[in-house]
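> My questions are about this predicted structure, shown below with the sequence.
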Amino acid sequence: MDLLITLILSFILLVFSTLKGYFIFYSLLASTLLWIAVLLRRGFLLKDLMQMAFSGAKKSFSVVIILLLIGAVTSTWMTAGTVPSLVYYGIQIINPNYFILLAFLLTSLVSLLIGTSFGTVGTIGIALMIMASNSAVNSNLVAGAILSGAYFGDRCSPMSSSANLIASLTQTRLYTNIKNMLKTGLIPFILTSLIYLILSQLYPISITNTILHSELLQTFNPQPLLLLPALVIFILAVFQVEVKISMIISIGIASVIAIFYQQYSLLELLDFTLRGFYLNEPSPLQSILIGGGMIAMSKVVLIVIVSTALAGILAETHILNFIELFLNKAKSQRQLFLATMFIGTVSAAYGCTQTIAILLTQQLVQKRYQSLKLNNNQLAVDLENTVVVISPLIPWNIAGLVPVTLLMSDFSCLPYAFYLYLIPLFNLIHKPRDVKLE
């Protein structure tokens, strides 16, 4: 009973912080201390719990490095004129009557190529948000479309870390999983596209702003050369170069362009890389072209560290195994999928990162899949259709927190990320409910 009470209290703390707009780090820290107190009462030693927390937090270091690199990529791309060039050419090419739909389709394509939602949002996503910034349309709607597209590729790209992780955990073939994901995700993708098409017609974006166009031309002198840092990311992704190396190379190229073409000094470049880009001289672009930087990601880094520490404690104490009792009631494919959705949501809420949520969910549900004689391919696609797309819908999970932070939006955009809802909903409805598995 004490475990259930702690679970509920922790969840209330996290939801309260989100609704009130408080920094979620404090609620996560309070939840961690609450769990430690309960586990001490159950006989665990403080020394062991601290070791578990450290072991969990240590796993976040690679994520922390990627987050800092994303902050650097965003600011150096702005300094080099890469993001302004994307905006400049986008204004000329994109039909404003289909903007929201195209935002979804473009981010879907980019995320499929590079396999990372963070990288997609931090590059093309920011450019799309800037294009829509002078429009009266709800910015959360645009951000929701970008988030949907970013997780299309994060779910089913061959370069996706989550897709590769699930293939490894379930001992299945990656390309078999991708085939199954495309099959189970086709109708949600079409429905999402139709929704964004209708919304595009209802809320056309005014992106033919001549002032914005002329200011971009005057300030950054856009030309194809400035798109090189973005092009390099895509080329290296095709050759399956590790994303951290790709980002470092892209940062290097953007830095060279910023110094020799945009005429920024090395000190200015370092300042922008750390604190984020901003325009020194008065310009209509000042309130639009701003952001990025490593320091801007510091709050997210704190959340990652404390959440992975908590996840380490929960995983190594096996304290959430009581949830398996809920799984044992599943007798049909629909019931089992619903149970996996529930556990995926709990894991996403307490793991606070997509990776840990996947690990916790897989550990908790795998035995039930085996006992019901379902093959690993089914487990893999069910994980992809639940925890992978549910994680970004949890406001304090970094799968959603990082994109929202990069887009300088808020959690009001989550209801507009229709693709993330339609994937689990469609697959829940599609599952047989009368066919018994035992």
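Everything's here; your move.
> How is this protein divided into domains?
Domain ranges of the chain: 2-59+297-430, 62-296, per automatic domain parsing.
> how far is the helix or strand of the chain with the lowest mean pLDDT from where the chain is centred?
Lowest mean confidence among the helices and strands of the chain (mean pLDDT, DSSP states H and E): helix 324-327, at a mean of 73. When distances are taken as CA atoms, centre = their mean, to the nearest Å, helix 324-327 is centred 28 Å away from the chain's centroid.
> Next secondary structure after it?
helix 333-351 (DSSP states H and E).
> Just the CA atoms of that next one, as CSV, please.
This file holds the C-alpha atoms of helix 333-351, laid out as CSV (Å, rounded to 0.1, in the frame of the first residue of the first chain):
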residue,chain,number,x,y,z
GLN,A,333,-4.4,-8.7,-27.5
ARG,A,334,-6.4,-5.5,-26.9
GLN,A,335,-6.2,-5.9,-23.1
LEU,A,336,-2.5,-6.5,-23.3
PHE,A,337,-1.9,-3.5,-25.5
LEU,A,338,-4.0,-1.4,-23.1
ALA,A,339,-1.9,-2.6,-20.2
THR,A,340,1.3,-1.8,-22.1
MET,A,341,0.0,1.7,-22.7
PHE,A,342,-0.7,2.2,-19.0
ILE,A,343,2.7,0.9,-18.0
GLY,A,344,4.4,2.9,-20.7
THR,A,345,2.7,6.0,-19.4
VAL,A,346,3.8,5.3,-15.8
SER,A,347,7.3,4.6,-17.0
ALA,A,348,7.4,7.8,-19.1
ALA,A,349,6.2,9.8,-16.1
TYR,A,350,8.7,8.3,-13.7
GLY,A,351,11.6,7.6,-16.0
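> Now find how far off-centre the helix or strand following it is within its chain.
Per DSSP H and E, the first helix or strand lying C-terminal to helix 333-351 is helix 354-371. Distance of helix 354-371 from its chain centroid, counting by CA atoms, centre = their mean, is 20 Å.
> neighbours around residue 166, how many?
28 (other CB atoms under 10 Å). The C-beta positions use only the backbone N, C-alpha and C, and glycine is treated the same way.
> Residue 388 versus that one, what's the distance?
8 Å (CB to CB, to the nearest Å).
> hey, what's in contact with both of the two?
residue 358 (CB atoms under 8 Å, 6 or more residues apart in numbering).
> remind me which residues of the stretch 301-438 of the chain are low pLDDT?
For the stretch 301-438 of the chain, applying pLDDT under 70 flags the ranges 432-438.
> List the contacts of the least confident helix or strand of the chain.
So helix 324-327 is in contact with 336, 339, 342, 343, 364, 365, 367, 368, going by CB under 8 Å, 6+ apart.
> To what extent is the closest residue to the last one other than its chain neighbours buried, counted in neighbours?
Meaning residue 368. Closest residue to residue 368 apart from its sequence neighbours, by CB to CB, 6 or more residues apart in numbering: residue 327 at 4.4 Å. If you count neighbours by other CB under 10 Å, residue 327 ends up with 20.
> Now do the contacts for residue 246.
114, 232, 233, 236, 237.
> Can you give me the distance of it to residue 405?
21 Å.
> now do residue 412
Counting by CB to CB - residue 412 and residue 405 are separated by 14 Å.
> swap in residue 177?
30 Å.
> I figured residue 383 hits residue 166, correct?
Yes - look at residue 383 against residue 166 with CB atoms under 8 Å: they come within range, at 5.2 Å.
> who touches both of those two?
358, 362.
> Now residue 277. Its backbone dihedrals?
Backbone geometry at residue 277, expressed as degrees, to the nearest 10, gives phi -80, psi 150.
> Hmm, residue 293 and it touching each other?
Yes - with contact defined as CB under 8 Å, residue 277 and residue 293 form a contacting pair (7.2 Å).
> Which residues are in contact with each of these two?
In contact with both residue 277 and residue 293: 74, 75, using CB under 8 Å, 6+ apart.
> And residue 283, its phi and psi?
phi -160, psi 150.
> Enumerate every residue touching it.
By CB under 8 Å, 6+ apart, residue 283 lies in contact with 215, 219.
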